[in-house]
Every structure is written in structure tokens, then in C-alpha cells.
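Visitor: sharing a model that was predicted from the sequence below.
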Amino acid sequence: MISDRDATDWIVCQIGAREHYASPAALRQRGLLRALVTDIWLPPDRPWSRALRAASPRLASRYAAELAGARVLADTLPSILSRSAARLAPKGANWSRIVADNLRFDRFAAAQLRRMPVAPDGGVALCYGYAASQTLRAASSRGFATILNQIDGGPQEARLIAALAQNPGEGAGQGEGSRAADAPPEDYWRRWRDECETADMILVNSAWSRDCLVAEGIAREKLGVVPLMYRAEGPSVTRRYPTRFDADHPLVVLFLGAVSLRKGALTLLEAAAALRDQPVEFHIVGRDELGAAVQKDYANLRFFGEAPRGETPSFYRKAHVFVLPTHSDGFALTQLEAQAHGLPAIVSRRCGDVVLDGASGLVLPEPSAAALRDAILWALRHPERLCAMSERARARAEDFDPARVVEQLREMGREALRRRRRDLGAGA
């Protein structure tokens with residue numbers, strides 16, 4: 001029988017600063033984290049680390065105060081040097097760089113696991129997808145039950161976005177549409193399938209991702225849905241909305257994230273074009289992958305470019321609603337950030353189940369420009385409803401507090417242990 005003492009010794013193998021290290025931090029707070037294995041770790045109390053953090057806002061995010069004093073095994077300098085060299089690579093080598101980074105981290109993490117003592121009964125290794133083939137095997141050989149954290153919809157998502165890229169539309173500029181041929185190599189998916197086969201359980205962050213993987217032949221019983229964790233970094237102010245929006249006080253619509261086909265940025269541009277005669281102003285914050293910022297005839301669009309994490313709260317505060325017409329997202333943490341700031345959100349169904357339709361925002365029936373236009377028009381005409389949605393949005397964000405979500409993660413760890421013990425028993 002699985003007891004509460006099971007799933008009490010966790011190792012997290014995480015490439016990048018995904019979710020601001022929320023999972024290892026939550027596990028450590030409960031005394032469950034044995035080690036975090038990561039690619040880059042830059043504590044602010046070391047001189048060389050301070051210099052690197054000062055040189056790059058991205059590098060400054062490679063640390064979490066909640067993990068101060070935790071055992072962290074990182075491949076910091078080799079990883080930074082490799083990324084620096086990658087910037088000199090010719091354009092179009094994006095997937096080559098991604099694959100190389102993933103393979104390097106996979107080898108590093110697997111080597112760390114092989115040096116560790118055999119796990120006690122109840123040991124679980126949580127490894128992130130696309131960089132875990134060797135790591136999962138190493139963890140299993142040391143007695144850990146293994147969970148593959150699948151960050152997106154896998155091949156199904158890739159095919160969906162590739163189909164969109166075949167006909168990106170006039171608003172796409174020369175960016176993402178022109179890179180349609182830059183698809184993951186076949187070996188990338190072969191290793192992914194190996195990861196899925198090796199892991200005891202596969203964690204996805206949304207029902208959308210689960211359904212994408214089931215469509216690829218992954219057994220539904222091997223999949224578990226656990227949402228992302230999120231804790232607001234400060235109190236959210238009470239929002240006030242005008243009695244009506246007009247030319248002097250337009251409805252401010254925020255899009256924050258990669259300006260890409262996948263995130264629905266082209267859908268947003270088409271909706272904005274249809275709303276040019278309405279008192280609506282669009283604020284677009286993020287890395288422009290479409291060449292969308294060259295648009296000169298969209299008077300209701302303001303492009304701000306990519307913003308460091310510390311600057312994003314100001315954009316949330318200035319907006320009236322948040323939009324995410326994504327075509328496919330493993331979860332989309334930005335919708336949680338928006339809700340925590342009291343922003344009613346208009347989102348598609350192809351991401352994490354965060355927005356309560358009609359209560360904390362609106363869920364689009366489909367990620368189309370027409371559906372997004374109609375939802376924005378509804379918000380424009382019902383400012384009094386946005387006030388109530390704002391209050392419900394803040395309460396909804398609390399449902400994803402790490403203290404709550406970590407228990408779902410622990411239950412998945414118990415299920416991974418059940419499956420491992422059953423399989424070991426069957427092979428005895």
C-alpha cells in the first residue's frame with residue numbers, strides 16, 4: 001500500500017528557469033527535495049555570478065531565493081559558453097542549437113544521477129521533456145520512480161503550427177512564416193518517444209496537452225494532469241473600470257508573450273484590424289517572431305518589444321483585459337499572471353484550464369479572429385461586468401498556489417511509485 005511517506009525524496013532535473021523554479025521550491029518547502037539538477041544557476045552572493053547576472057537580465061533569472069541553501073547541481077559555465085557560441089551560428093540553425101543544448105544537459109543530468117546513492121523507497125525523479133532520455137534511465141537505475149514533465153503537445157502541436165505556418169497571412173511579415181521549414185529533426189521526436197516509453201508516468205499541465213499526446217498513441221492511463229504552480233509576488237490592487245469606454249478612455253487589451261503564430265499573434269492582428277473603428281487599444285509585449293511590428297496602418301496597436309520579467313507587472317496594471325488566442329500551449333503561465341493582477345482574461349481552450357468562462361474572463365469557442373473580435377466587443381460594451389470578473393480573477397489565481405498544487409504533484413509521485421513497483425513485481 002502507498003502511504004503518505006511515499007514520494008518523499010525528490011530529484012528535479014530542470015533545464016532552464018521554467019515556472020521560476022516553482023516545483024523544486026515547493027518540494028523543498030516541505031522537506032521533500034533531495035537535489036535540483038539544472039543547466040545554469042547563478043546565486044547572487046558570488047562575485048563571478050553577480051557579474052554574469054548584471055550582464056544579462058535573462059541570466060539574472062537563473063536563481064530562486066526559495067532554493068537558497070538547497071543542493072543544486074549545475075553545469076553553469078559550460079552551458080553559458082555554449083549559448084554564447086550559438087549566437088555566432090548561422091541563421092536557421094535554431095533547432096540544431098536546441099537539440100545540442102538538450103543533449104548536453106541530458107548527459108550532464110544523467111551523470112549526476114549515476115553518482116547518487118540508491119534512492120530509498122519513495123524516491124521520485126521529475127525530468128523535463130526533450131532533455132531527459134538518458135536521465136530517466138539513470139534515475140531508474142538508481143531506484144527512482146520517474147516522471148516525465150511534458151511541456152507541450154508534442155508532435156501533434158508541431159504539426160498544427162506547421163500547418164498554420166504554410167499560410168501565415170499578410171500580417172505575418174517575414175518572420176515565423178518564412179521559417180516553416182525549420183522543423184525539429186526526426187531524431188528529436190525519436191528521443192521524445194523513448195522518453196515517453198521509459199518514464200513511469202508522464203505529467204502534462206493541461207487537458208489539451210493530454211489529448212494531443214493521446215492522439216499520438218501515448219496511453220491515457222500513463223498521463224496525469226497537474227497545473228503549473230503560481231504565487232503572486234505582491235498584492236494586487238483593486239481595479240476600477242469606467243462606466244463606458246470611449247476615444248478618450250479606450251479599452252486597453254494586453255497581449256504578453258512571444259508574438260508568434262502558436263500564441264495566436266496573427267489572430268490578434270486580424271481582430272485588431274476589424275476593431276480599428278472602435279475605442280480599443282492593443283498593447284503587445286514580447287519577442288516579435290512575426291515581423292508584426294512593421295505594421296504601420298494599425299493605429300490601435302502599440303508594440304513594446306520583449307520586457308524583462310521585473311517590468312511585466314506595469315503592463316498588467318495598465319490594461320483592462322488580457323488576451324491569449326493561442327493555438328496550442330502546454331499551459332501558458334501568463335494567463336495566471338494576468339488573473340493574479342486582477343485582469344479578466346480572454347483565452348482559447350488550447351491551454352491550461354485557468355479562466356472560468358463568464359466569471360473570471362471569457363473562453364473562446366475557437367482561436368479565430370472573429371471569435372476574439374466578438375469577445376473584445378463584449379468587454380467593450382460591458383465595463384460593469386469587468387469589475388466583477390476582476391475580483392473573481394484574483395481569487396482564481398489563488399487556486400494555483402504551490403501549497404495546493406504540490407499535493408497533486410505528490411499524488412502523481414505516488415502513482416509513479418505504484419507503477420514502478422507493479423512493473424518490478426511483474427518482472428520478478
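Guide: Okay, I see it.
Visitor: sec struct for the closest residue to Tyr63 other than its chain neighbours, please.
Guide: Spatial nearest neighbour of Tyr63, chain neighbours left out: Leu42 (5.2 Å); criterion: Cβ to Cβ, 6 or more residues apart in numbering. (C-beta placed from N, C-alpha, C; glycine too.) Three-state assignment for Leu42 (DSSP: H, G, I helix; E, B strand; the rest coil): coil.
Visitor: and Leu42, how many neighbours?
Guide: 20 (other Cβ atoms under 10 Å).
Visitor: ok, it to Gln14 distance?
Guide: 15 Å (Cβ to Cβ, to the nearest Å).
Visitor: do Ile218 as well
Guide: 22 Å.
Visitor: repeat for Arg114
Guide: On the measure of Cβ to Cβ, Arg114 and Gln14 end up 18 Å apart.
Visitor: of these two, who's got more company?
Guide: Between Arg114 and Gln14, Gln14 has the larger neighbour count (other Cβ under 10 Å), namely 21 against 14.
Visitor: backbone dihedrals for the more buried one, both of them.
Guide: With angles defined as degrees, to the nearest 10, Gln14 sits at phi -130, psi 120.
Visitor: what's the burial count for Asp277?
Guide: Asp277: 7 neighbours (other Cβ under 10 Å).
Visitor: the longest helix along the chain: which residues count as buried?
Guide: Longest helix in the chain by number of residues (criterion: DSSP state H): helix 402-427. By 16 or more other Cβ atoms under 10 Å, the buried positions in helix 402-427 come out as 402, 405-406, 409-410, 412-420.
Visitor: would you turn those residues into a markdown table with pLDDT and distance to Glu289?
Guide: What follows is the buried residues of helix 402-427, written out as a markdown table (pLDDT from 0 to 100; distance: Cβ to Cβ, whole Å):
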| residue | pLDDT | distance to Glu289 |
| --- | --- | --- |
| Pro402 | 94 | 31 |
| Val405 | 96 | 30 |
| Val406 | 96 | 33 |
| Leu409 | 97 | 32 |
| Arg410 | 96 | 37 |
| Met412 | 97 | 33 |
| Gly413 | 96 | 36 |
| Arg414 | 95 | 40 |
| Glu415 | 96 | 37 |
| Ala416 | 96 | 36 |
| Leu417 | 95 | 41 |
| Arg418 | 94 | 42 |
| Arg419 | 94 | 39 |
| Arg420 | 93 | 40 |
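Visitor: count the neighbours of the nearest residue to Ala132 once chain neighbours are set aside for me.
Guide: Using Cβ to Cβ, 6+ apart and skipping the chain neighbours, the partner closest in space to Ala132 is Glu195 (5.3 Å). For Glu195, the tally of surrounding residues (other Cβ under 10 Å) stands at 25.
Visitor: other SSEs contacting the helix or strand where Glu195 lies?
Guide: Assigned by DSSP states H and E, Glu195 falls within helix 186-198. Judged by 3 or more Cβ pairs under 8 Å, 6 or more residues apart in numbering; DSSP states H and E, helix 186-198 is in contact with helix 94-114, helix 133-141, strand 145-149, helix 154-166.
Visitor: so Lys318 makes contact with Val253?
Guide: No: applying Cβ atoms under 8 Å, one finds Lys318 not in contact with Val253, separated by 10.9 Å.
Visitor: between those two, what contacts are shared?
Guide: Common contact partners of Lys318 and Val253 (Cβ atoms under 8 Å, 6 or more residues apart in numbering): His283.
Visitor: so which of those two has more stuff around it?
Guide: Val253 (26 against 11).
Visitor: wait, that one touches Leu324, no?
Guide: No: the pair Val253 / Leu324 is not scored as a contact, 11.0 Å apart, by Cβ under 8 Å.
Visitor: how about Ala345, what does it touch?
Guide: Ala345 neighbours (Cβ under 8 Å, 6+ apart): 321-324, 335, 338-339, 354-355, 360-362, 393.
Visitor: which of these fall in strands?
Guide: 321-324, 361-362 (DSSP state E).
Visitor: now render the residues you listed as CSV, adding neighbour count.
Guide: Shown next, in CSV, are these (neighbours: other Cβ atoms under 10 Å):
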residue, neighbour count
Val321, 25
Phe322, 26
Val323, 30
Leu324, 28
Gly361, 29
Leu362, 24
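Visitor: save the residues you listed as JSON lines, and put in distance to Arg239 too.
Guide: Shown next, in JSON lines, are the ones in strands among the contacts of Ala345 (distance: Cβ to Cβ, whole Å):
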{"residue": "Val321", "distance to Arg239": "10"}
{"residue": "Phe322", "distance to Arg239": "12"}
{"residue": "Val323", "distance to Arg239": "16"}
{"residue": "Leu324", "distance to Arg239": "19"}
{"residue": "Gly361", "distance to Arg239": "13"}
{"residue": "Leu362", "distance to Arg239": "16"}
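Visitor: correct me, but the residue nearest to Ala132 touches Gly129?
Guide: Yes: at 6.3 Å, Glu195 counts as touching Gly129 under the criterion of Cβ under 8 Å.
Visitor: spell out which residues are contacts of both of those two.
Guide: Common neighbours of Glu195 and Gly129 (Cβ under 8 Å, 6+ apart) are Leu148.
Visitor: show me where the stretch 151-300 of the chain has its helices.
Guide: 154-166, 186-198, 207-215, 265-274 (DSSP state H, counting those that start in this stretch).
Visitor: now the shortest one: mean pLDDT?
Guide: I take that to be helix 207-215. For helix 207-215, mean pLDDT is 98.
Visitor: how about the last one?
Guide: Model confidence over helix 265-274, given as mean pLDDT, is 94.
Visitor: now the angle from that helix to helix 154-166?
Guide: In terms of direction (axes from the mean of the first three to the mean of the last three Cα atoms, to 10 degrees), helix 265-274 departs from helix 154-166 by 40 degrees.
Visitor: same question, the third one
Guide: Here the directions of helix 207-215 and helix 154-166 differ by 100 degrees (the same axes, to 10 degrees).
Visitor: the second one now?
Guide: Using the same axes, to 10 degrees, the direction of helix 186-198 lies 150 degrees away from that of helix 154-166.
Visitor: distance check, the closest residue in space to Ala111 that isn't next to it in sequence against Ser209.
Guide: Leaving aside its chain neighbours, Ala111 sits nearest to Ala138 (7.7 Å; criterion: Cβ to Cβ, 6+ apart). According to Cβ to Cβ, Ala138 stands 25 Å off from Ser209.
Visitor: which parts of this protein belong to which domain?
Guide: When the chain is parsed with automatic domain parsing, its domains come out as 9-229+401-427, 251-400.
Visitor: quick one, which of those domains is nearest to Thr238?
Guide: Proximity to Thr238 (Cβ to Cβ) singles out domain 251-400 among the domains of the chain, at 7.2 Å.
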